[in-house]
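Enquirer: Predicted coordinates and the sequence they were generated for:
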Amino acid sequence: MPPPSAAGVPAQSGTEPAGDEPAALPGPVVARAVQRHAAAGLVPGASVDAGASPLPAPAWQDDAVAAEVPVALVFNGLSHAVMMATPSDLEEFALGFALSEGLIDTPADCRGIEVFSRDGAEAGVGAACEVHLDIAPRCFARLKERRRALAGRTGCGLCGIDSLQALDLVPERVAQRPWVAALPAAAVLRAVAAMPPLQVLNAAAGALHAAAWATPDGELTDLLEDVGRHNALDKLIGRLAAQGRSGEEGFVVMSSRASYELVRKCARRDIPLLATVSAPTSLAVDLAGQAGMVLWGLCRPPRAVRYAG
């Protein structure tokens, strides 16, 4: 896979000199002490001998665990959202979030991105961070206008909305491409089968989702990981945008289920096809149909299910 590029989006990482030195961000995988328990001689369905001598307690040892930290997204000095995320590829994450949520229209609307580590002790965590984005004035004015409607939104997309009248689930329509409707299941399954070797963080620690970009013939070019499926997709969208590849022909493959917010993010970025390893929800299927997207689910070679398109 090509390395991340920040073409067109100046990105920096650092700490602001403000009082005590902030804690450094952890890596995407951290060490935690665990005990590995196993009952000797047990097989599925076997009964436990109550009279057997207890096994000695296993020793504690370090094991790899996926890191999860609060990430505050700050636009022109205004804190907009705090997401729980894996502390890697945060510039891509912030740019992708801004684009997939419609806070900015194009990558050029983001003039710069800077990541700052923070001490999370007051919040009960060891580390936290802020990602500051400098966005175009018209986008910032629109963001302030929308803050009331967007208050409380999280990865599930609706938390904090206080009435049915506040709902807006109408997705954007994607441009129709002839290759998308004709894409065979074999190409989708080829992309899915290529994901596990590239999921290095999940292989080390588990608990991480992946979002990957595939060419129309099913070859993977990029894969991003995060503890949140929507975060992983935002990182992927941000990677493509930062590299000037937003209009590139291809589709998204994800290790998760297909939820409606993933469909909505793809539709907003004119991504015509989403394929996921697990099943979709009914709302995801409905929104994909409204957007004119092709939606594949339960993509587990040698089988896949086409739900929309």
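Expert: On my side now, so go ahead. Numbering: from 1, shown residues only.

Enquirer: where along the stretch 51-200 of the chain do the strands fall?
Expert: Assigned by DSSP state E, counting those that start in this stretch, the strands in the stretch 51-200 of the chain fall at 60-66, 69-75, 78-85, 110-119, 127-135.

Enquirer: Each with direction, which strands does the longest one pair with?
Expert: Taking DSSP bridges as the criterion, strand 110-119 sits next to strand 11-14 (parallel), strand 127-135 (antiparallel) in its sheet.

Enquirer: The ones you listed: lowest mean pLDDT?
Expert: Among the strands paired with strand 110-119, strand 11-14 carries the lowest mean pLDDT, a mean of 46.

Enquirer: what's the angle between the helix or strand following that one and strand 127-135?
Expert: Per DSSP states H and E, the first helix or strand lying C-terminal to strand 11-14 is strand 29-35. Counting by axes from the mean of the first three to the mean of the last three C-alpha atoms, to 10 degrees, strand 29-35 lies at 160 degrees to strand 127-135.

Enquirer: Within the sheet, what are the partner strands of strand 29-35, with directions?
Expert: strand 60-66 (antiparallel).

Enquirer: pretty sure H132 is touching V74, no?
Expert: Yes: using C-beta atoms under 8 Å, H132 makes contact with V74 at a distance of 4.7 Å. Bear in mind the C-beta positions are built from the backbone N, C-alpha and C, glycine included.

Enquirer: how close does E122 sit to Q199?
Expert: Here the criterion is C-beta to C-beta, to the nearest Å. By it, E122 lies 34 Å from Q199.

Enquirer: Looking at those two, which is more packed in?
Expert: Q199 (17 against 8; other C-beta atoms under 10 Å).

Enquirer: Point out where the stretch 151-300 of the chain drops to low pLDDT.
Expert: 151-167 (pLDDT under 70).

Enquirer: that older thread, please render the strands of the stretch 51-200 of the chain as CSV that adds mean neighbour count and distance to A232 to the earlier fields.
Expert: What follows is the strands of the stretch 51-200 of the chain, written out as CSV (neighbours: other C-beta atoms under 10 Å; distance: least, C-beta to C-beta, whole Å):
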stretch, mean neighbour count, distance to A232
strand 60-66, 13, 12
strand 69-75, 21, 13
strand 78-85, 18, 9
strand 110-119, 20, 18
strand 127-135, 21, 16
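
Enquirer: Mind putting those strands into JSON lines with distance to V294?
Expert: What follows is these, written out as JSON lines (distance: least, C-beta to C-beta, whole Å):
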{"stretch": "strand 60-66", "distance to V294": "31"}
{"stretch": "strand 69-75", "distance to V294": "30"}
{"stretch": "strand 78-85", "distance to V294": "28"}
{"stretch": "strand 110-119", "distance to V294": "29"}
{"stretch": "strand 127-135", "distance to V294": "32"}
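
Enquirer: Please name whichever of these is nearest to V192.
Expert: strand 60-66 (21.4 Å; C-beta to C-beta).

Enquirer: Quick one: the helices in the stretch 51-200 of the chain, in order.
Expert: 90-100, 137-150, 178-182, 185-194, 200-205 (DSSP state H, counting those that start in this stretch).

Enquirer: Can you list the buried residues in the third one?
Expert: Residues V180 are the ones in helix 178-182 that count as buried (16 or more other C-beta atoms under 10 Å).

Enquirer: again, but for the last one
Expert: Neighbour-count burial for helix 200-205 flags L201, N202, A205 (criterion: 16+ other C-beta under 10 Å).

Enquirer: roughly how far is that helix from the heart of the chain?
Expert: Here helix 200-205 is found 15 Å from its chain centre; the criterion is C-alpha atoms, centre = their mean, to the nearest Å.

Enquirer: C-terminal to it, what's the next element?
Expert: strand 209-214.

Enquirer: which other helices and strands contact that following strand?
Expert: Secondary-structure packing of strand 209-214 (3 or more C-beta pairs under 8 Å, 6 or more residues apart in numbering; DSSP states H and E): helix 185-194, strand 220-226, helix 229-242, strand 251-254.

Enquirer: circling back: nearest approach to M195 belongs to which of the strands of the stretch 51-200 of the chain?
Expert: It's strand 60-66; of the strands of the stretch 51-200 of the chain, that one is closest to M195 (C-beta to C-beta) at 16.8 Å.
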